[in-house]
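Trainee: pasted the sequence and its predicted model underneath.
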Amino acid sequence: MEMPKPDEAVLARRHRIADDLRVIVPGEGVIVDVDERRPYESDALTAYKTSPLVVVLPETVEQVSAVLRYCHENGIKVVPRGAGTSLSGGSLPLEDGVLLGMAKFNRILEVDYDNRCARVQPGVTNLSITKAVEADGYYYAPDPSSQIACSIGGNVAENSGGVHCLKYGLTTNNLLGLEVVLIDGEVIRIGGKHLDSEGYDLLGIMTGSEGLLGVVTEVTVRLLRAPETVRALLIGFTSSEAAGDCVAKVIGAGIIPGGMEMMDKPAIHAAEDFVHAGYPLDVEALLIVELDGPAQEVDYLIGEVKTIAESCGAVSLKISESEPERLGFWAGRKAAFPAVGRISPDYLCMDGTIPRHQLPKVLRRMTELSNEYGLRVANVFHAGDGNLHPLILYDANIPGELRKAEDFGADILRLCVEVGGVLTGEHGVGVEKRDLMPAMFSEVDLAQQMRLKCAFDPDGLLNPGKVFPTLHRCAELGRMHIHKGKLPFPDIPRF
Amino acid sequence: MTQFVPETAEQLKDAVAWAVAEEYPVAVKGAGTKADLGRPVETEHEIDLSKLTGITLYEPEELVLQAGAGTPMTEITAALDEKNQQLAFEPPDLGFLLRGESAAGTIGGVVATNLSGPRRIKAGAARDHFLGFKGVSGRGEEFKSGGRVMKNVTGYDLCKLMAGSWGTLTVMSQVTVKVLPKAEKERTVLLYTDDPAEALRGMTDALNSPYEVSGAAWLPKAQAAATGIELVAGAGSGVAAIRVEGPGPSVEYRCARLREIVGAAAKTEELHSHRGKAFWTVVRDVMPFAGAGDNRVVWKISVAPSDGPAIYGDLLALKGAEAFMDWGGGLIWLAVDMPNVGGSEILREIVAKAGGHATLVRGDRHLRANADVFQPLAPGLAALTRKIKNGFDPHGVLNPGRMYDGV
């Protein structure tokens, strides 16, 4: 994985830079000792490790602003980091870059039920927002599986999703405002407790910008009232086609469940061996359909979904009659990743999105690829929205196997794009999928995106080497190739 | 004025490329229904997208629809109606307000202006349903962003930037949107009150209940009377309205629960399907200010819901002011009898104190050319806005001044 060439002059000044930064963030907030930098070498894309130039852990917006201003003035790269749970290497450090850890921004600043929102610092974990308001009957809807650990600031950077996206949307659909520090130290506030942007949707463009446009220092999130009832169905099918058919028919019937998750046979078996959730072992596909809302409605829709599932040939069907039972349905699904980690020394968790009806075709092709590469794969699928997580099993101790697994993963993602989908549904591009961007975007498409970056960070100091495969200078991107003097094209109808 | 009417994406690219090469500013329009919105654009050339029309993809079970940007909303709505689906963000038809007749516009225009109706509080705005697009930038280059799936974090979310950019960054030729099922039934709880604070309490209690409210508005007595809807018009008081949608039994149940919750303080009633739909269309299309001969200046003000009543009260000090609330108190529609300055200065001061923004929606051409139609930006945001614009349209040819002077 090629990263931008480290700046030797910056490397040589490591200790001087650390001293300068200690003036801004005193004491333990600046880490330069090589052993103490180690915990920050990697995020959840553990195959890649790089020790940063220096780690800085600010506690205030003023400190963040001053650190960025210093880096900007001295041409030092910056890699922001939330909880380091990125699966795409979003916070993989740069050798010559400051690793800016936001974990100390861990306070919930305000809970405002009248306006159904909360102001929180970026280092607050996703789940702790819900924990803070659940006793009052509220919650924060986006629920990535890492929610116990991932930070809301990181959620903003990645536009994180989770199981309940189908009904509740992604992070970007659940934010009201941000405070962001730009690379030159300027602090801007976007949005607030009101709806809609007054001008360009800067809130929307910051979300999912993977640490390339600015550093988030405060987030205003939407809070929802927790649903009256949540119930689930656990449905087994003899083929992924049948399961996919069921999903299509549920949506075709006008039902939008809270979530719909699918697991293929390898994933079912791995999960069952690990947590013994009581999953049927003879089915090719397992579907969990969760319905939430007013009790009346949920009970009614459960019946509708049952009818549809049976008409699609479901061979096993259970309906949760209690909360423990519902959680039991989820136990296997929630343990799918570690379950797979149990049966293989290593695994790569891929993340792509496809049009739902393409699933059987994609799974068939994946089986072919699995045989070609000689690597097993298990699939977990957000059936409601087409987001797919193939888990490629490999052994890093075998020379070349990581590379094989990555190639297999890249083939899968290219396939996703081929069938009308996209490279990443919720994990982000990071470094992991960076070099695949040309599979989805032309050079012109990518250049236009990079010009947006130029508006925020013309020197390219924030997280370079992530998302975009080739770095261009902003002056180069700004150049226009004009062919003047051409007549207005005669074939365009005009009046 | 020369009007280019491209019939293909290729022709659109040529037209824009020519405008860029010659540095001729162009106005961009779909069906032109938004011409009376925003700041007026004075150019010698115009690009008319009405021929870039037609639904190119509609898969109801995939919840996705793709169409030429110039496709009329009537066509989109008809196709969705057939499959019992909808654009959940409830795009308004401001034709009645602006020109006295229906003018729903094009799908491209709906997205580019990010206009959303009462259901915005539950379903989100147009930008939350906008999945992808193809278009031509102000550099004359054809490019695309997004896709046809909802879960997509590949690269920057340029769709969010396009929504609400009023054609100043890119001329979109094709858009892809998320569609959702229409609800089977709907009911609206009515709470009779002249007091905006009491209305807010009722709406807040409703929105903070687990009954999935999809509309919360308050009309003071005069505006309620003007609706002509039974149980609303003849009430002799202001009316707060709270909508629930879904399967029949669910809607009945939730309506009853909500009447219990909000009805402790004041009298309640309920509207069923026909009257309910008519009512929410009135709110959506700002009909209280669309009466024949009503040419008052109209503002759209977005604030934190809890600030709604106080701001409403302050605004009534303006000459001839009348207002009503939507979005649970977070949206105030204001009409003022101030044709020359629109009340801009006082209004912006009131809004600035609380936080939020105001957009001039109806005003004559002269007023819109000279007042700030959109909320003036804080310096940091203004600088970013100019730089972003520059990255898409360095020569400023696309809809120059449509949103701000000089952008």
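Mentor: Right, received. Where do you want to start? In this text, all values refer to a predicted model and were calculated from it rather than measured experimentally. Numbering: from 1, shown residues only, chains lettered A, B, ... in the order given.
Trainee: burial count for B:H274?
Mentor: B:H274: 9 surrounding residues under other C-beta atoms under 10 Å in any protein chain shown. Quick note: C-beta positions are derived from backbone N, CA and C, even for glycine.
Trainee: quick check: it vs B:T281, distance?
Mentor: In this view, B:H274 and B:T281 are 11 Å apart by C-beta to C-beta, to the nearest Å.
Trainee: and for B:P247?
Mentor: From B:P247 across to B:T281, the span is 22 Å (C-beta to C-beta).
Trainee: quick one: classify the residue in chain B positioned nearest to chain A as helix, strand or coil.
Mentor: Nearest residue of chain B to chain A, counting by C-beta to the nearest C-beta: B:K160, 2.5 Å away. Look at B:K160: counting by DSSP: H, G, I helix; E, B strand; the rest coil, its state is helix.
Trainee: isn't it right next to B:R127, touching?
Mentor: Yes. At 5.4 Å, B:K160 counts as touching B:R127 under the criterion of C-beta atoms under 8 Å.
Trainee: what do the two both touch?
Mentor: Listed as contacting both B:K160 and B:R127 by C-beta atoms under 8 Å, 6 or more residues apart in numbering or on different chains are A:201, A:204.
Trainee: and those two? Which one has more around it.
Mentor: B:K160 (27 against 24).
Trainee: residues contacting the more buried one?
Mentor: Counting by C-beta under 8 Å, 6+ apart, B:K160 has contacts A:172, A:201, A:203-205, A:207, B:127, B:130.
Trainee: B:K178 now?
Mentor: The contact partners of B:K178, by C-beta under 8 Å, 6+ apart, come to B:63-64, B:129-131, B:150.
Trainee: let's see 6 Å
Mentor: Residues near B:K178 by C-beta atoms under 6 Å, 6 or more residues apart in numbering or on different chains: B:63, B:129, B:131, B:150.
Trainee: name the element the last one belongs to?
Mentor: This means B:M150. Of the helices and strands defined by DSSP states H and E, none includes B:M150.
Trainee: okay, the nearest residue to it once chain neighbours are set aside and A:I256: tell me how far apart.
Mentor: Nearest residue to B:M150, sequence neighbours excluded (C-beta to C-beta, 6 or more residues apart in numbering or on different chains): A:D385, at 5.0 Å. For A:D385, the distance to A:I256 equals 11 Å [C-beta to C-beta].
Trainee: repeat that for B:D393.
Mentor: Distance from B:D393 to A:I256, by C-beta to C-beta: 38 Å.
Trainee: quick one: mean pLDDT over the host helix or strand of B:G135.
Mentor: Element membership for B:G135 (DSSP H and E) is strand B:130-137. For strand B:130-137, mean pLDDT is 98.
Trainee: roughly how far out does it sit from the chain middle?
Mentor: How far strand B:130-137 lies from its chain's middle: 19 Å, per C-alpha atoms, centre = their mean, to the nearest Å.
Trainee: which secondary structure elements does it contact?
Mentor: If you count contacts as 3 or more C-beta pairs under 6 Å, 6 or more residues apart in numbering or on different chains; DSSP states H and E, strand B:130-137 packs onto helix B:9-22, strand B:142-146, strand B:170-178.
Trainee: okay, now the unreliable bits of chain A?
Mentor: Low-confidence segments of chain A, defined by pLDDT under 70: A:483-491.
Trainee: taking it, what residue is nearest to chain B?
Mentor: Closest to chain B within chain A is A:G204: 2.5 Å, counting by C-beta to the nearest C-beta.
Trainee: that residue sits in which helix or strand?
Mentor: helix A:202-206.
Trainee: buried sites along that helix?
Mentor: Neighbour counts using 16 or more other C-beta atoms under 10 Å in any protein chain shown place A:202-206 of helix A:202-206 among the buried residues.
Trainee: next secondary structure after it?
Mentor: Counting by DSSP H and E, what follows helix A:202-206 is strand A:215-222.
Trainee: now do B:V110 against B:F89, distance only.
Mentor: As judged by C-beta to C-beta, B:V110 and B:F89 stand 9 Å apart.
Trainee: which residues do the two both contact?
Mentor: B:A126.
Trainee: on that earlier part again, neighbour-wise, which of the contacts of B:K178 leads?
Mentor: Of all the contacts of B:K178, B:H129 has the most neighbours under the rule other C-beta under 10 Å, reaching 27 neighbours.
Trainee: what is the neighbour count of B:G132?
Mentor: B:G132: 21 neighbours (other C-beta under 10 Å).
Trainee: list of residues touching stretch B:363-372?
Mentor: For stretch B:363-372, contacts defined as C-beta under 6 Å, 6+ apart pick out B:39-40, B:297, B:342, B:344.
Trainee: average pLDDT across that stretch?
Mentor: Stretch B:363-372 shows a mean pLDDT of 94.
Trainee: what residues of it count as buried?
Mentor: Of all the residues in stretch B:363-372, those buried under the rule 16+ other C-beta under 10 Å are B:363, B:367-368, B:371-372.
Trainee: gap between it and the chain center?
Mentor: 20 Å.
Trainee: what's the end-to-end length of that stretch?
Mentor: 11 Å (C-alpha to C-alpha, to the nearest Å).
Trainee: same thing with stretch A:74-84?
Mentor: Using C-alpha to C-alpha, the two ends of stretch A:74-84 sit 26 Å apart.
Trainee: which parts of it count as buried, going by neighbours?
Mentor: A:76-84.
Trainee: the residues you listed: which ones sit near chain B?
Mentor: For chain B, no contacts are drawn from the buried residues of stretch A:74-84 by C-beta under 6 Å from any C-beta of the partner chain.
Trainee: sec struct for the residue lying closest to B:G263 once chain neighbours are set aside, please.
Mentor: With C-beta to C-beta, 6+ apart as the criterion, B:G263 has its nearest non-adjacent residue at 7.1 Å, and that residue is B:L191. Secondary structure for B:L191, judged by three-state DSSP, is strand.
Trainee: B:L191 bridge partners, please.
Mentor: B:A240, B:T268 (DSSP bridges).
Trainee: how about the helix holding A:G204 as CSV, C-alpha atoms only?
Mentor: Extracted in CSV, the C-alpha atoms of helix A:202-206 (Å, rounded to 0.1, in the frame of the first residue of the first chain):
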residue,chain,number,x,y,z
LEU,A,202,-21.6,22.1,4.1
LEU,A,203,-22.9,19.7,6.8
GLY,A,204,-23.6,17.2,4.0
ILE,A,205,-20.2,17.5,2.4
MET,A,206,-18.3,17.2,5.7
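Trainee: tell me which stretches of the stretch 101-250 of chain B form strands.
Mentor: With DSSP state E, counting those that start in this stretch as the criterion, the stretch 101-250 of chain B has strands at B:130-137, B:142-146, B:170-178, B:180-181, B:185-192, B:213-219, B:239-246.
Trainee: okay if I get those as TSV plus distance to A:C349?
Mentor: Shown next, in TSV, are these (distance: least, C-beta to C-beta, whole Å):
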stretch	distance to A:C349
strand B:130-137	24
strand B:142-146	24
strand B:170-178	26
strand B:180-181	30
strand B:185-192	42
strand B:213-219	36
strand B:239-246	36
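Trainee: check contacts around the residue nearest to A:H164 when sequence neighbours are not counted.
Mentor: What sits nearest to A:H164 in space, not counting adjacent residues and going by C-beta to C-beta, 6+ apart, is A:G259, at 5.0 Å. Residues near A:G259 by C-beta under 6 Å, 6+ apart: A:163-164, A:290.
Trainee: just the pLDDT for the residue nearest in space to the middle of chain B.
Mentor: Central residue of chain B (C-alpha atoms, centre = their mean): B:L115, 1.8 Å from the mean position. We have a pLDDT of 94 for B:L115.
Trainee: next up, the contacts around it.
Mentor: Listed by C-beta under 6 Å, 6+ apart, the contact set of B:L115 reads B:91-92.
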